[in-house]
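>>> Generate a structure from the sequence data that follows.
(4 chains)
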Number of protein chains: 4
Amino acid sequence: MASVLQPTAQGRAEFYRRLDKDNLTPLWEVLHNLVPPAPSSPAVPAYWNYRAIRPYIEESGRVITAKEAIRRVLILENPGMRGSSSITRSLYCGLQLILPGEVAPSHRHTQSALRFIVEGSGAYTAVDGERVTMHPGDFIITPPWTWHDHGNTGSESVVWMDGLDIPMVSFFTAQFAENYPEDVQPVTRAEGDAQARYGANMVPLGPLPTAKTSPVFSYPYERSREVLETLARDGDPDPCHGWKMQYINPLSGGFAMPTIGSFIQRLPKGFRTRACRSTDGTVYSVVEGRGRARIGESAYAFEPRDTFVVPSWYPLEIEATESCVLFSYSDRPAQAALGLWREQRD
Amino acid sequence: MASVLQPTAQGRAEFYRRLDKDNLTPLWEVLHNLVPPAPSSPAVPAYWNYRAIRPYIEESGRVITAKEAIRRVLILENPGMRGSSSITRSLYCGLQLILPGEVAPSHRHTQSALRFIVEGSGAYTAVDGERVTMHPGDFIITPPWTWHDHGNTGSESVVWMDGLDIPMVSFFTAQFAENYPEDVQPVTRAEGDAQARYGANMVPLGPLPTAKTSPVFSYPYERSREVLETLARDGDPDPCHGWKMQYINPLSGGFAMPTIGSFIQRLPKGFRTRACRSTDGTVYSVVEGRGRARIGESAYAFEPRDTFVVPSWYPLEIEATESCVLFSYSDRPAQAALGLWREQRD
Amino acid sequence: MASVLQPTAQGRAEFYRRLDKDNLTPLWEVLHNLVPPAPSSPAVPAYWNYRAIRPYIEESGRVITAKEAIRRVLILENPGMRGSSSITRSLYCGLQLILPGEVAPSHRHTQSALRFIVEGSGAYTAVDGERVTMHPGDFIITPPWTWHDHGNTGSESVVWMDGLDIPMVSFFTAQFAENYPEDVQPVTRAEGDAQARYGANMVPLGPLPTAKTSPVFSYPYERSREVLETLARDGDPDPCHGWKMQYINPLSGGFAMPTIGSFIQRLPKGFRTRACRSTDGTVYSVVEGRGRARIGESAYAFEPRDTFVVPSWYPLEIEATESCVLFSYSDRPAQAALGLWREQRD
Amino acid sequence: MASVLQPTAQGRAEFYRRLDKDNLTPLWEVLHNLVPPAPSSPAVPAYWNYRAIRPYIEESGRVITAKEAIRRVLILENPGMRGSSSITRSLYCGLQLILPGEVAPSHRHTQSALRFIVEGSGAYTAVDGERVTMHPGDFIITPPWTWHDHGNTGSESVVWMDGLDIPMVSFFTAQFAENYPEDVQPVTRAEGDAQARYGANMVPLGPLPTAKTSPVFSYPYERSREVLETLARDGDPDPCHGWKMQYINPLSGGFAMPTIGSFIQRLPKGFRTRACRSTDGTVYSVVEGRGRARIGESAYAFEPRDTFVVPSWYPLEIEATESCVLFSYSDRPAQAALGLWREQRD
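Predicted structure coming up:
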């Protein structure tokens, strides 16, 4: 090949036009954007006050039935990514309403889902033949490709937060979905069966489930709350996180879901966390207490049932004006599995 | 909450407008797109004939120096995703030219890179103080966050395919990058050191590398070719893949890289694979032989050094008019780690 | 070397004598014993009736103090291996008595220990600064190399079964032991701390314990019993094992201890197991119910608190004349880790 | 229970006699022996000079045929454990002779075997249908429960060291063995097949072997020697071990065999290792060079083909009067899997 001749800007532009026809493009014109020095995300900090949006949730109950909607959900969309149905770059968040007597029909998909109960008791979700009754603060999993439907056999409206990996499964172009032939799948196991089989630090003899998702699909708040109290009694809070627990799959000791990490933490009254950050954009749901969250340059006062989102690599600092309990979820297990997760604690 | 009243289309639209102001959106209007019955990707099948694009590569050598470009690469951009610098939804592909005497300066980033040598010998890549000399057909890894630079101390122009996970690391918003203070990092270990330490079915006593990427960062074609011959001698070709090997990390037995799977396969003359498909969009580089690839409804005749791309879930059928060797890479390890990978073999 | 000449028996004997001086011995004379066609063990089936031996346990309380004895234990020795302090080839079993007000002094060793509470409540065992209160049917672990002492702050005599891997650690010549400078280690964590941190399908953020033994060191019978009831409600009993659970380490999903497997099973009234066998010699402690165990050619009628041992590869058949709960332990995790465990179910 | 009365020695003896009838024994009389402060093993240091014992090996070739003997082996028995066919507490060692034209008939067993070639070329071992030709210094594995036979199709007598886990499999009472219906199993794969499939940092697509033993069953000395040279070129020797490599299973990165660890190390001329010790009793075979091994209070001058054994926890110090290469094996993987392995490096 010949020696290098530095062409004019015009010459380069003409070269690029010729390349373009063959689906080629010069890396050196985009390198800095492709390989930036630090994370750069279209997602921005955001916050939803539950009292402010609850009328919309209620109204959605008059606008469409659960059955017609399949899932009657208001998506919480990141203001920096409107139209994408995403709350972070890789995750989806919605608030689902199910009224007494309603059913959200059975289907299955390769997306993983979590439910975190925000308001009301007496609804259930059914996973592969077992129903679990919902109470505020419960964390419930729908593993990928399992039949699931929801219903409300109680007398209260029930609202929960849905966290899914829809954008991630879309990114990997690995979406599959099917509807169940009936609205409701048959109940084949009594409530508590999975908890007894896998959730009591024991397993039945014989072949175990090999899926990457925890076979324990319900983590009741009653127990989580008690755990947080015990931690608080026995040790100092972490400067970044207070007392923070990660839900696990007891068959592996790892995250409860392969794509979504889920956490619950307690901050004592008056505690102010150090500003820390990590590469997993995180969605928070306030369970108990009031406080203030500073996310990068934004700051929000929060109260129970509120939602806020911390994009990747934005520092988060929380001040607990009351004793607080916060649930959160992010794509940490995916990032960790791929060797991408980083944290900065100071 | 009140009883359900089916509103008019107009009433709904008005409701949606109010929701919109609070960054809320109704799931039921987008559910089918978010959770489609089968993979749907913006990527399309595509093909680049090396003889056709080689003049551009040569011309790039006259348009810019390796040093000025940092990396003198023409990106192969998927025709369905122009402007995204992506060849599949999650992966990047480029052809890099380095002329005799040139150096591509040292830097590091959280993106993983592979090099597959297409033409010419005598260039080297240096990873964390060890250089490896390139020959056509060699598969070389740059693990994330390792200093790396390339140089050409020989007398031939050298061209290789760069495969990176740039879109994936961007999707997870986990990009970090740094330049080395000098153009070229110092050589601290003789060539072959990593191969000896980790690549000969032995390891040194003491703590082993814990990174998720193979410490064996070079897989010479001489050995790969021999392996394919042995396989071909001892067993029948797989109906979908012929004789196909996966490069591994011998410290884990798993994929050589956590985000990118890499493969080499041999098809005997006259062999025609069954049409098979999988969820990992795959980039192929032809090493030896001629044939024809049918990808969904598209078909391409290929010859050595050509590139073609099979998007997720598109059936691929290859007819080998000559004995062929094909290198390929995809995001299979990421999909497998996340529980998303599926294959259909018939 | 010269051609083969078949020597006389006398010539061989003379050759063997010469070899012997140099610590050599001809394999062909012992091959069949060294590599037998099927397991052959010095252990034999055996049974201890608790009512019969309880007077000895009581008497031991008058013969020596817990403090003087360090551990006041009567070893259950396999009749086929007297003098070895073993109940199976690889495991030790004893019954330990601690009287109200007594303390068994603190020490640590590389041997793993389990405690299964047979009679009485109100004693405690302390592991690394945390005490757990004992109740009949509780399964408690002392991980290797953790300081541990026992005490009885209640008003009842307490008896538990000690299961240790003493013969195994001796076989591997990896025994280490130390006494604590005081009789009783300080209490640094409140009761329930380990259970909260690791036993509720959650873990604290931050580095986790890396030991091979479960950090959950207490598995209360109250919960185990409930789990067995749930299993019995939801599915048919296994023909060999009834409803049988394995205690796990929730940080790995594997056995709770690396050398000793521990199990609890329930048989409905009138159930008769199929005669099954496995290579792990197993010690049983009867928790509830009466029945009959046939072990090879031996048969024993059992009642609560009795102990029996099934040597490797002896078929076991149990007939439950009442609804039964049985605890058992064996060296299964060691055999599984080494690729040695086999089971025959028919 | 009644208050404690310290009985007389005579009273205790009488109590012990009564206990004895019921297969009970008081722990407090044996506790110190059962749980000693540091490893105590019946094995002692020992050494076999190859020149001294070679005449016996040669003579064994005249005393019995390989076929009649099944395996014509002289067992190297630890002088502290005569009659046990063991060289350490858990391992067996023998020297096997096969004369030109002979065959050692095909069988299989649950014991794992390694072969380390001491003298002569041209014999083969066959594992599951694939033969591998032996050369001095080659390390070859016979995985458990695989059919294997040996033959000598060359013109030289061949002697190799057999290392097996016979005592360990006996301890776990998990021995199974079968003879093949013919003396020689059929050859179904060409030599080098396993090496190509699994030994070149690649694996074939599709299900992989799940056994715990490396599917690469031959590690030629030619390659090992080269690796040791590369290590010696690029870094300083370890003070305890010189340059020491561990043979691995490239499908896991772990030990090549689940029960036996195998190593090869190089010491430069004049090097003297620090006295180090570990809990795995280790057998050494000298491949190249002369030196002196101090094992506890014993010391031996060694030369090529000699064998020596270092019992558990005995300090070993080696002085290399010439540049040396040593092969060794021990039960390290078993100890590591069970959490028992310890090392002391100073």
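>>> Pull up the per-residue confidence for A:Q6.
With respect to pLDDT, A:Q6 scores 62.
>>> Spell out which parts of the stretch 101-250 of chain A neighbour chain B.
Counting by C-beta under 8 Å from any C-beta of the partner chain, the residues of the stretch 101-250 of chain A close to chain B are A:109-111, A:144, A:157, A:166, A:168-178, A:211-213. Backbone N, C-alpha and C define where each C-beta goes, glycine included.
>>> How about the backbone phi and psi for whatever residue of chain A ends up closest to chain D?
For chain A, the residue closest to chain D is A:T210, as judged by C-beta to the nearest C-beta, at 12.8 Å. Backbone torsions for A:T210, taken as degrees, to the nearest 10, come to phi -110, psi 0.
>>> For B:G339, see how far away it is.
Taking C-beta to C-beta, to the nearest Å as the measure, A:T210 falls 10 Å from B:G339.
>>> My guess is A:R108 contacts A:Q185. True?
No - A:R108 is beyond contact range of A:Q185, at 9.6 Å (criterion: C-beta atoms under 8 Å).
>>> Now the common contact residues for those two.
Counting by C-beta atoms under 8 Å, 6 or more residues apart in numbering or on different chains, the residues touching both A:R108 and A:Q185 are A:147-148.
>>> Now do the strands in the stretch 101-250 of chain A.
In the stretch 101-250 of chain A, the strands defined using DSSP state E, counting those that start in this stretch lie at A:103-109, A:113-119, A:123-127, A:130-133, A:139-142, A:148-152, A:158-164, A:177-179, A:202-204, A:218-219, A:243-247.
>>> out of A:T210 and B:G339, which sits in the more crowded spot?
Applying other C-beta atoms under 10 Å in any protein chain shown to A:T210 and B:G339 shows that B:G339 carries more neighbours, namely 20 against 6.
>>> How about the backbone phi and psi for the closest residue to A:K269 other than its chain neighbours?
Residue nearest to A:K269 in three dimensions, not counting chain neighbours: A:S323, with 4.5 Å by C-beta to C-beta, 6 or more residues apart in numbering or on different chains. Backbone geometry at A:S323, expressed as degrees, to the nearest 10, gives phi -60, psi 130.
>>> mind checking how far A:S323 is from chain C?
Here the criterion is C-beta to the nearest C-beta, to the nearest Å. By it, A:S323 lies 18 Å from chain C.
>>> now swap in A:L74 and tell me
29 Å.
>>> Select only the buried ones of the residues of the stretch 101-250 of chain A next to chain B in ChimeraX?
Selecting only the buried entries of those in ChimeraX, with 16 or more other C-beta atoms under 10 Å in any protein chain shown as the criterion:
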select /A:109,110,111,144,157,166,168,169,170,171,172,173,174,175,176,177,212,213
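>>> Helices along the stretch 151-300 of chain A, start to end?
For the stretch 151-300 of chain A, applying DSSP state H, counting those that start in this stretch gives helices covering A:166-171, A:193-198, A:221-234.
>>> can you redo these as JSON lines with mean pLDDT?
Converted to JSON lines, the helices of the stretch 151-300 of chain A look like this (pLDDT from 0 to 100):
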{"stretch": "helix A:166-171", "mean pLDDT": "98"}
{"stretch": "helix A:193-198", "mean pLDDT": "96"}
{"stretch": "helix A:221-234", "mean pLDDT": "95"}
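>>> Which among the ones you listed is found nearest to B:A299?
Comparison of those against B:A299 by C-beta to C-beta identifies helix A:166-171 as nearest, at 28.0 Å.
>>> looking at it, A:F172 is touching B:A336, isn't it?
No - contact criterion C-beta under 8 Å: A:F172 and B:A336 do not qualify, at 10.6 Å.
>>> Point out the residues in the stretch 201-346 of chain A that sit beside chain C.
A:201-206, A:208, A:214, A:216, A:219, A:223-224, A:226-227, A:230-231, A:233-234, A:238, A:241, A:243-253, A:256, A:263-264.
>>> List only buried entries from those residues.
A:201-205, A:214, A:216, A:219, A:223-224, A:227, A:230-231, A:234, A:238, A:241, A:243-253, A:256, A:263-264.
>>> quick one, what contacts the residue nearest to A:S170 when sequence neighbours are not counted?
Counting by C-beta to C-beta, 6+ apart, A:S170 lies nearest to B:L34, which is 7.6 Å off, once chain neighbours are set aside. Contact analysis of B:L34 by C-beta under 8 Å, 6+ apart lists A:85, A:92, A:166, A:170, B:27.
>>> For A:L326, see how far away A:R89 is.
21 Å.
>>> and A:Q195, what does it touch?
A:Q195 neighbours (C-beta under 8 Å, 6+ apart): A:216, A:218.
>>> that older thread, would you mind giving the strands of the stretch 101-250 of chain A as TSV with distance to chain D and mean pLDDT added?
Below are the strands of the stretch 101-250 of chain A laid out as TSV (distance: least, C-beta to the nearest C-beta, whole Å; pLDDT from 0 to 100):
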stretch	distance to chain D	mean pLDDT
strand A:103-109	26	97
strand A:113-119	31	98
strand A:123-127	29	97
strand A:130-133	31	97
strand A:139-142	29	98
strand A:148-152	31	97
strand A:158-164	31	98
strand A:177-179	27	97
strand A:202-204	20	97
strand A:218-219	30	98
strand A:243-247	25	98
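>>> Just put the ones you listed in CSV and tack on distance to D:V309.
Converted to CSV, the strands of the stretch 101-250 of chain A look like this (distance: least, C-beta to C-beta, whole Å):
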stretch, distance to D:V309
strand A:103-109, 60
strand A:113-119, 57
strand A:123-127, 58
strand A:130-133, 58
strand A:139-142, 54
strand A:148-152, 61
strand A:158-164, 60
strand A:177-179, 63
strand A:202-204, 42
strand A:218-219, 54
strand A:243-247, 48
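>>> Would you mind saying which of the ones you listed lies nearest A:S312?
Of all the strands of the stretch 101-250 of chain A, strand A:158-164 sits nearest to A:S312, with 16.2 Å by C-beta to C-beta.
>>> Measure how the closest one sits relative to strand A:123-127, angle-wise.
30 degrees (axes from the mean of the first three to the mean of the last three C-alpha atoms, to 10 degrees).
>>> ok, strand A:158-164: who's next to it in the sheet?
Using DSSP bridges, the strands paired with strand A:158-164 are strand A:92-98 (antiparallel), strand A:113-119 (antiparallel).
>>> For chain C, give me its nearest residue in the stretch 1-150 of chain A.
A:E130 (9.2 Å).
>>> burial count for the residue lying closest to A:E102 once chain neighbours are set aside?
Once flanking residues are discounted, A:E102 sits nearest to A:A66: 4.1 Å by C-beta to C-beta, 6+ apart. Look at A:A66: counted by other C-beta under 10 Å, it has 26 neighbours.
>>> For A:A66, list the residues it contacts.
So A:A66 contacts A:72, A:97-99, A:102-104, A:150 (C-beta under 8 Å, 6+ apart).
>>> rerun at 10 Å
Residues near A:A66 by C-beta atoms under 10 Å, 6 or more residues apart in numbering or on different chains: A:60, A:72-73, A:96-99, A:101-105, A:149-152, B:4, B:28.
>>> Next, it: phi, psi?
Torsion angles, degrees, to the nearest 10, at A:A66: phi -60, psi -40.
>>> Who are the contact partners of the closest residue to A:P268 other than its chain neighbours?
Leaving out its chain neighbours, the residue that sits closest to A:P268 by C-beta to C-beta, 6+ apart is A:S323, at 5.7 Å. Counting by C-beta under 10 Å, 6+ apart, A:S323 touches A:232, A:266-271, A:288-291.
>>> how about a cut-off of 7 Å?
Under the criterion of C-beta atoms under 7 Å, 6 or more residues apart in numbering or on different chains, the neighbours of A:S323 are A:268-269, A:289.
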